[in-house]
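Chemist: How does the following fold in three dimensions:
(one chain, ligands or ions: 2)
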Amino acid sequence: MNKKEDCIFCKIALGEIPCDKVYEDDNFIVFNDIKPIAKGHCLVVPKKHYETLLDMPSTLGTEVIDLVKKQGLRLMKEQKAEGFNLVQNVFPAAGQIVMHVHFHVIPRKEGDGLRMFEKKDDK
Ligand code: AMP
Ligand code: ZN
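Modeler: Ligands and ions are numbered 1, 2, ... in the order given. Take a look at the predicted model:
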């Protein structure tokens, strides 16, 4: 396992710090976001440390998409969501805070008031 010292998601993947785990297999772990922007908001995370999507091997692409679809469908059932967003931030300028690639799966309902991207009037 290529682990980066002081990476919080590496530590979660290795079970060194706890998480609210939803799913795990050889290559991925899924856990609930500690600060959910909607109930059920979860993160799909490769166990190996890749800083951003650009570092993650494309060979994991099918697996990650399958997993995102599974989680989205789960949230549509469990949370009675009517849809979901897949969010993937690449580099801090795009909002990436944890520098270990992860995919947000966010359940959505009509009229839930969530707005993903807003532009300031003066920019
Ligand atoms: P990003 O801005 O795309 O890097 O998102 C990082 C996400 O990780 C945020 O939504 C955080 O709330 C979440 N997060 C940070 N630390 C933890 C943790 N220990 N367990 C679960 N989620 C976390
Ligand atoms: Zn890591």
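Chemist: Would you list the phi and psi of K4?
Modeler: Here is the backbone geometry of K4 (degrees, to the nearest 10): phi -100, psi 130.
Chemist: wait, doesn't it sit right on H49?
Modeler: Yes - between K4 and H49 there is a contact under Cβ atoms under 8 Å: 4.4 Å. All C-beta atoms are positioned from the backbone trio N, CA, C, and that covers glycine.
Chemist: More neighbours: which of those two?
Modeler: Higher neighbour count among K4 and H49: H49, with 18 against 15, using other Cβ atoms under 10 Å.
Chemist: if I pick that one, what's in contact with it?
Modeler: 2-4, 7, 9-10, 100 (Cβ atoms under 8 Å, 6 or more residues apart in numbering).
Chemist: got the residues of the protein near ligand 2?
Modeler: Remark: the part of the chain in contact with ligand 2 comprises 4, 7, 9-10, 49, 100, using Cβ under 5 Å from the ion.
Chemist: Minimum pLDDT in these, which residue is that?
Modeler: Here the lowest pLDDT out of these sits on K4, with 83.
Chemist: what is in contact with K4 and H49 at once?
Modeler: Common contact partners of K4 and H49 (Cβ under 8 Å, 6+ apart): 10, 100.
Chemist: Now the two most distant members of the residues of the chain next to ligand 2.
Modeler: Spanning the widest gap among the residues of the chain next to ligand 2 are K4 and F9, at 9.0 Å by Cβ to Cβ.
Chemist: Mutual contacts of the two, please.
Modeler: Common contact partners of K4 and F9 (Cβ under 8 Å, 6+ apart): 49, 100.
Chemist: one step back: mind giving me the PyMOL select for the contacts of H49, buried ones only?
Modeler: Applied in PyMOL, the following selects the buried portion of the contacts of H49 according to 16 or more other Cβ atoms under 10 Å:
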select buried, resi 3+7+9+10+100
